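Peer 1: Build me a model:
(4 chains)
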There are 2 protein chains.
Amino acid sequence: MTTTRGRPHASSREMLQEAAFDLFLENGYAGTTVTQITQRAGVSRATFFNYFSAKSDVFWIDLDDVLARLPHALAATDARDPVMHAMCSAIVTASTSLGPANVPWALTHLSMIGDIGELQSSAMARLACQARTLSEFITRRIGRDSEPALIATAASFATIGAVIAAAQAWAGASTKRGELGPYLSAALAPLCAGVQNAIDSMPPRKL
Amino acid sequence: MTTTRGRPHASSREMLQEAAFDLFLENGYAGTTVTQITQRAGVSRATFFNYFSAKSDVFWIDLDDVLARLPHALAATDARDPVMHAMCSAIVTASTSLGPANVPWALTHLSMIGDIGELQSSAMARLACQARTLSEFITRRIGRDSEPALIATAASFATIGAVIAAAQAWAGASTKRGELGPYLSAALAPLCAGVQNAIDSMPPRKL
DNA sequence: CCTCTTTAATCGACCGAGTCCAGTTATTGT
DNA sequence: ACAATAACTGGACTCGGTCGATTAAAGAGG
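Peer 2: Sure thing, here's the model as predicted:
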């Protein structure tokens, strides 16, 4: 049964996003209330929270789509590649998987909002969730499938950090910035090389 | 005139922290309200915000003390050391500068609170502020004193990430965990080596 | 056509964090 | 005694977020 039972949607995520982005450009992020967004969109306040679990979601939900592709991209890597190289390329492919056109509005317009500090933590919370994914990937590849070693978690969090730096640099580059991929590669390469080197010089797994 | 004019303090940061930590252990972080804290401490709610700018401050303000030592530790490094090595050792010394005894309550008791997710973002926001400090340090040492290059900001954010991973691993290690320093060194070493390598192989500065 | 079920949307009450300000209290300096 | 100063208090307010009950709009089945 793919039939659509029940009352059909009268509003949509996109409607609310459009209204919200307009207001963000006018009044900034902190200067815009959820009530204002819903008023401009012509829905009730409660409806907003039917589509977004938080005010910051309207900003980062596009980014979540990109992040959701990461596990698949990781799984698709060549198992014979060095761990860190595989992870790096998986991140790059995940970033380019939705094309340079429909890039999250959040990133491209970050500079116009101004409330960087307020948004930063909400974004980082999302990114930090991916640290576990990366950490498990590295641990599995390294072979110590017990609890992740410090080097695995450190590499994961460091990678997240490098991704943030790359995204910020890319977002800060005024038009016409190119693809995000090269920024990611440049930011990740030194880190990955160093970690890979450390992994290779580790004592072989005991089994 | 170093005399203390005006009404003397009837309460203190420590009083409020003590009350708060008790309640955190009893009801968790999210399960404790600011009002409860102030009631247990015997002060008015407004007083809390005279000492802390946010509820999460009561948790991380000790960590801020450690972070505050970072600029000084960076400045005290040997200018002839490789950049990344200098930064790494500065971080380690900053972490040990207040001794293994009076370590932030936040870190040692993190596992008992449970609301990891809620606290993580507030902690990361603090750490992220230090990224700028690190980035400027690296940029200055590298010599390109214009805007920080991508590799500098990437290295900074990655370092922050590694520090977070080290702190989490250290906090998660049940008693008796040793010093934080070794954890930091282990987490930072691969990253620093890789970035240093990349810096050394950069084209010499143009001047 | 009527009813049942499902789902979207609404309404209203509520809570907690954080801000603000006006007023009180306790202390030191003159 | 009086002014200046600073800690503390109280209350009102805003906003984000939650919750539960209710209404509205469809399709399904008799």
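
Peer 1: and residue A:104, what is it in contact with?
Peer 2: The contact partners of residue A:104, by Cβ atoms under 8 Å, 6 or more residues apart in numbering or on different chains, come to A:60, A:62, A:63, A:66. (Each C-beta comes from the backbone N, C-alpha and C, glycine too.)

Peer 1: Turn those residues into JSON lines, columns for distance to residue B:46.
Peer 2: Listed next are these as JSON lines, based on distance: Cβ to Cβ, whole Å:
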{"residue": "A:60", "distance to residue B:46": "34"}
{"residue": "A:62", "distance to residue B:46": "40"}
{"residue": "A:63", "distance to residue B:46": "38"}
{"residue": "A:66", "distance to residue B:46": "43"}
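
Peer 1: Sort out for me which of these are in helices.
Peer 2: A:60, A:62, A:63, A:66 (DSSP state H).

Peer 1: Can you get me a residue count around residue A:81?
Peer 2: Residue A:81 has 14 neighbours, counted by other Cβ atoms under 10 Å in any protein chain shown.

Peer 1: Find the nearest non-adjacent residue to it, please.
Peer 2: Once flanking residues are discounted, residue A:81 sits nearest to residue A:89: 7.6 Å by Cβ to Cβ, 6 or more residues apart in numbering or on different chains.

Peer 1: roughly how far apart are residue A:159 and DNA strand D?
Peer 2: In this view, residue A:159 and DNA strand D are 27 Å apart by Cβ to the nearest atom of the strand, to the nearest Å.

Peer 1: What strand or helix carries the nearest residue to residue A:184 once chain neighbours are set aside?
Peer 2: Nearest residue to residue A:184, sequence neighbours excluded (Cβ to Cβ, 6+ apart): residue A:166, at 4.7 Å. If you go by DSSP states H and E, residue A:166 is part of helix A:150-172.

Peer 1: Could you check how far that helix is from the centre of its chain?
Peer 2: Counting by Cα atoms, centre = their mean, to the nearest Å, helix A:150-172 is centred 11 Å from the centre of its parent chain.

Peer 1: Sketch out the low-pLDDT regions of chain A for me.
Peer 2: A:1-3, A:98-102, A:111-114, A:144-146, A:174-175, A:204-207 (pLDDT under 70).

Peer 1: Residue of chain A closest to chain B, please.
Peer 2: Minimum separation of chain A from chain B (Cβ to the nearest Cβ) falls at residue A:194, amounting to 1.9 Å.

Peer 1: was I right about that residue contacting residue B:187?
Peer 2: No. Residue A:194 lies out of contact with residue B:187 (Cβ atoms under 8 Å); the separation is 11.7 Å.

Peer 1: Between these two, which is the more surrounded one?
Peer 2: Each of residue A:194 and residue B:187 has its neighbours counted (other Cβ under 10 Å); residue B:187 has more, 30 against 25.

Peer 1: Helices along chain A, start to end?
Peer 2: Along chain A, counting by DSSP H, helices occupy A:13-27, A:34-41, A:45-51, A:57-68, A:70-75, A:83-96, A:105-108, A:110-113, A:116-142, A:150-172, A:180-200.

Peer 1: Can you get me a residue count around residue A:44?
Peer 2: 13.

Peer 1: Check the gap between it and residue A:15 for me.
Peer 2: 13 Å (Cβ to Cβ, to the nearest Å).

Peer 1: next one: residue A:117
Peer 2: 28 Å.

Peer 1: Comparing those two, which shows the higher neighbour count?
Peer 2: Applying other Cβ under 10 Å to residue A:117 and residue A:15 shows that residue A:15 carries more neighbours, namely 17 against 11.

Peer 1: doesn't residue A:37 make contact with that one?
Peer 2: No. In terms of Cβ under 8 Å, residue A:15 does not count as a neighbour of residue A:37; the distance is 10.0 Å.

Peer 1: Spell out which parts of chain A neighbour chain B.
Peer 2: Within chain A, the positions adjacent to chain B are A:117, A:120-122, A:124-125, A:128, A:131, A:150-151, A:153-162, A:164-166, A:168-169, A:183, A:186-195, A:197-199 by Cβ under 8 Å from any Cβ of the partner chain.

Peer 1: Would you map out the domains in chain A?
Peer 2: What automatic domain parsing lists as the domains of chain A is A:13-54, A:58-200.

Peer 1: how about those domains in a markdown table, adding distance to residue B:176?
Peer 2: Putting the domains of chain A into a markdown table (distance: least, Cβ to Cβ, whole Å) gives the following:
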| stretch | distance to residue B:176 |
| --- | --- |
| domain A:13-54 | 40 |
| domain A:58-200 | 17 |
